[in-house]
Structure formats: structure tokens, C-alpha cells
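Novice: The following comprises the amino acid sequence and a computationally predicted model.
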Amino acid sequence: MKKSLSILFALLLIFTIALPAHAASSTKATVYYNGEKLALTEAPFIEKGKTYIPLRSYFEELGYTVAYSSKDQSITVSYDGYESIIDLILNKVTEYSEVVVDKLDVIKRNNTTYAPLRELQPVTLLNIDFKKETNSIYLTDMYTTPEVETTDPELASQGFLWKVEKNGNVVYLLGSIHVGDEELYPLRTEITDAFEASDVVVTEVDVTKPLTKKEEEAIQKLMYYQEGTTLKDHVSPETYAKLVELANKKGLNMEVVDQTQVWFLNLILQELLPKDEKISSDYGIDIHFLEAATEQKMPSLELETAFSQYNMLSSFSDEYQESALTTTLEMIEYADQGYDVNNGSDYLLDIWKAGDLATLDSMAESIKKEELDYYNGMLTNRNKGMTDKVIGYLNGTEQKTYFVIAGALHMAGPDSIIKMLEAQGYTVDRL
């Protein structure tokens, strides 16, 4: 059990995608007013480069009186004798018949009306400071002088960064963690400087890019049985009985479970395990730099494809897939009994923040010793393909700088991308 658990949480340092689903087109955001977090009833989100906030909750949190007129399809917000009317038909904001916002980008979702925070600034007259590192917005009254933040370099996350050069081409290699929390940021300046100096960002898979219809169809065939067999034909009677018991307990549709391939079912069931609410893929290193690249209109490339990753997961032996599934079932059972079955994300974040390569090397070596087939499939074989891509960038004729991001365990251990590059004569410097 302990061995399998260590392999399970190491996924956060190996594998980009937790579940085959479209990447969300929006990112959660947090809003603070004069240093205090606003307790908004609906979560703000970042989309299309704008931060959308729920109108009623936002203004009420700022101390405004809010009234909605269904007849006029308008929202009236008033504060200290001043009154603003938000016309939801014309998407304009007026104050005493004067238009102060000519075009408000209103969005309605789940019976809630949202609008971009910056577009409402003529109403609130607040200073707005956006911290991209944590997707946080800090609002202050205009008569208040905002405090100037200073970052202690010793408190910045260290991470894992290397540099390799050839013929005028430069590749920065960043070992990432695919989830994070607000405390993961800021990153040390060497990492951010390397990104700013780069022409192209490269990730394992661009999780912000929707799958094509062809990709979806191919992945569906990997996720569900296609040839008349069902789950019952691929696991032992004991494991199947545990699944039936779990389905009854958790209200799962057993007809759907029966059609789901073992590897994918295992990933789905892991979603039933307790999660640390502070930790999210929204704060992951990959997402952080992909969003920054989009904002700067920086080209992006992929080391792998979504299909290749799912195909790899589905290719492990039946014995290993069932073993991983039974481990997940045991963890769910322990969690239901009140035991702590944290997936180790706090521990991994501490390793990443400290830049503790010795621990990462030890983790990779342990996985190799305990589960060689898993190690070869998840690391060695994939590292070969990623290394080939990096060498291709180094041999390019256009003299570019690439910012390559892959799970930190791809950079650690005896069969890492770093070791493979060095074996082919490249000098790789850790920064």
C-alpha cells in the first residue's frame, strides 16, 4: 500500500493530465478589498483576459445597496448618495443620466450576472492591482496609498531549472509541478527571467487547447470497451465485487462503470478521495506559463499529445492496472473510515518550493526499483521522446530560445532528460 501510494502522488510531478476532459476556458480568481478577501457568494473567474465578478455580491460586499428591476432589466447600486444604474439590455452604466460605462461586457451564468471588474471601475473608483502569479486582484480606495510589496528572494519558490545551448539555440528546462497553491508564487527571478528571454514556450501537452473531434473519438476508444467485453471480464471477481459495493455506496451508475476501462476507471475513482481545497491545477506551473505565453502572444509547442499520454496509460499490463485500481479502492475505504489519505501534494509542493533535487532523485530511483514497468512507461520511454524534441530545438537553424516545461520527475533520477542530454555530449547547467 505504501509503495503504491508513493507512486500515486508522484503523478503530480510526472503527468500533465489527471482526467481526459476539456481544459476549462476560465480560471478562478480571488478579490481583496483593502487587504481583506471579499466573501463573494459566487466565485470570480478570469476569461478572455478579463476578471468577471458577480455583480450583486460584489457591490454588496463593498457596502453598496443593490436593487434589481425585472421590469427595466436593470440593476441600481447606490452608496453615500450616489446612484449608478446598470442597464442589462443596453449593457451601459449611467449616473444621473450620464453614461459612465458605454459598453459593459455582461455574462449570465447559472442565474448569476457577471461583469468585468475593471469595466466597473468608473462606478467604484477603486485602485485595481492584479497579481498574475496567484490570480489575485487587490482593490484599494483611491485615497489610500497602496503598500509597495517587496519580495524576499529567500521566500521565492526555487523550482528546478537547467540551461543547455548549441549553435546559438538555447533551451531552458523547467521541472514543473502540475498543481499548486498561492504560496507557490512568486517564483525566483532566474525562472521568470528565463521565460521572459524565450521565444517559444513548450509544455508536455497544452492543456488550454481544446481537443479536436478526431482526438476526442480516439481517446473515447481508449476509455471505454469497444468489442463487447465489459469491466467484469478484465478484473478479478473480488475486485469487481468491491466495485459493486462502492457503486451502491456512492451512487455510481454501474452500467457506466461496466463499460469503463480499468485505467480510466481508476482515474475517475481517485476523484472521490479527499482534496486539499487550497491546492489546484489552476496554480500549476504549466498553466501559469501557458497563460503568460497567451497574454504575450508567445508561440507554444508540445512535447507530447493528449492521445499519446492516454494511450500510454492504457497500455500498462492488466495486472498492473488492476493493482492500481485496488489501491485506489483501499484508499477510498480508509478515507471513509476517517483516516488521512492525503495524496502527498503538500509534501511535493514543499520539495518543489525548496528545489530539493536530491529527494526527487531518490523518488525516481525508488519507483524504478519497486515498479520497473511503470517507471519505464511513465518516465524512461517518455523521457527519450522528450529528449529528442529538445535536441531538435538545439539543432534548429533559426537560433531561438525555448522555455521547455515538463514534470519535475522527468528531470530527476538515472534516466532523466538531463542525463540523456549529457549522455549525448551536451553540457546542461543547473541554474
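Specialist: Thanks, I have the structure now. Just so it is clear, the model here is predicted, and its values are computed rather than measured.

Novice: helix, strand or coil for residue 226?
Specialist: Three-state call for residue 226 (DSSP: H, G, I helix; E, B strand; the rest coil): coil.

Novice: residues near it, how many?
Specialist: Residues within reach of residue 226, counting by other Cβ atoms under 10 Å, total 11. For every residue, glycine as well, the C-beta is placed using N, CA and C.

Novice: same thing with residue 362?
Specialist: So residue 362, with other Cβ under 10 Å, has 13 neighbours.

Novice: go on, residue 280?
Specialist: 18.

Novice: where does the stretch 201-350 of the chain have low pLDDT?
Specialist: Low-confidence segments of the stretch 201-350 of the chain, defined by pLDDT under 70: 341-344.

Novice: Recalculate using a threshold of 80.
Specialist: 207-210, 227, 274-278, 280-282, 339-347 (pLDDT under 80).

Novice: Spatially nearest residue to the residue nearest in space to the middle of the chain (excluding sequence neighbours)?
Specialist: Closest to where the C-alpha atoms of the chain average out (Cα atoms, centre = their mean) is residue 281, at 2.5 Å. Among residues not flanking residue 281 along the chain, residue 179 sits closest, at 5.2 Å (Cβ to Cβ, 6 or more residues apart in numbering).

Novice: Surely that neighbour and residue 279 touch.
Specialist: Yes - under the criterion of Cβ atoms under 8 Å, residue 179 makes contact with residue 279 at 5.3 Å.

Novice: between the two, what contacts are shared?
Specialist: 345, 349 (Cβ atoms under 8 Å, 6 or more residues apart in numbering).

Novice: Walk me through the domains of the chain.
Specialist: With domains defined by automatic domain parsing, the chain comprises 2-23+156-224+260-430, 35-141.

Novice: deepest of those domains, which one?
Specialist: For the domains of the chain, the largest average neighbour count (mean count of other Cβ atoms under 10 Å) is found in domain 2-23+156-224+260-430, namely a mean of 18.

Novice: What separation do you get for the closest residue in space to residue 356 that isn't next to it in sequence and residue 360?
Specialist: Using Cβ to Cβ, 6+ apart and skipping the chain neighbours, the partner closest in space to residue 356 is residue 350 (7.9 Å). Using Cβ to Cβ, to the nearest Å, residue 350 is found at 12 Å from residue 360.

Novice: can you check residue 167 too?
Specialist: Distance, residue 167 to residue 360, using Cβ to Cβ: 30 Å.

Novice: now do residue 122
Specialist: 50 Å.

Novice: for the protein, what's the longest helix?
Specialist: Assignment by DSSP state H gives helix 318-336 as the longest helix of the chain.

Novice: okay, how far is it across stretch 176-185, tip to tip?
Specialist: Using Cα to Cα, to the nearest Å, the end-to-end distance of stretch 176-185 comes out at 13 Å.

Novice: ignore the last one, stretch 299-312
Specialist: 27 Å.

Novice: now swap in stretch 310-324 and tell me
Specialist: Distance between the two ends of stretch 310-324: 16 Å, counting by Cα to Cα.

Novice: One more: stretch 157-174?
Specialist: By Cα to Cα, one end of stretch 157-174 lies 13 Å from the other end.

Novice: Centre of the chain to it, how far?
Specialist: Counting by Cα atoms, centre = their mean, to the nearest Å, stretch 157-174 is centred 22 Å from the centre of its parent chain.

Novice: looking at it, residue 235 is touching residue 325, isn't it?
Specialist: Yes - with contacts counted by Cβ under 8 Å, residue 235 reaches residue 325, the gap being 7.1 Å.

Novice: Tell me the first helix or strand C-terminal of the helix or strand harbouring residue 164.
Specialist: Take DSSP states H and E as the rule and residue 164 turns out to sit in strand 160-166. Next helix or strand after strand 160-166 toward the C-terminus (DSSP H and E): strand 169-176.
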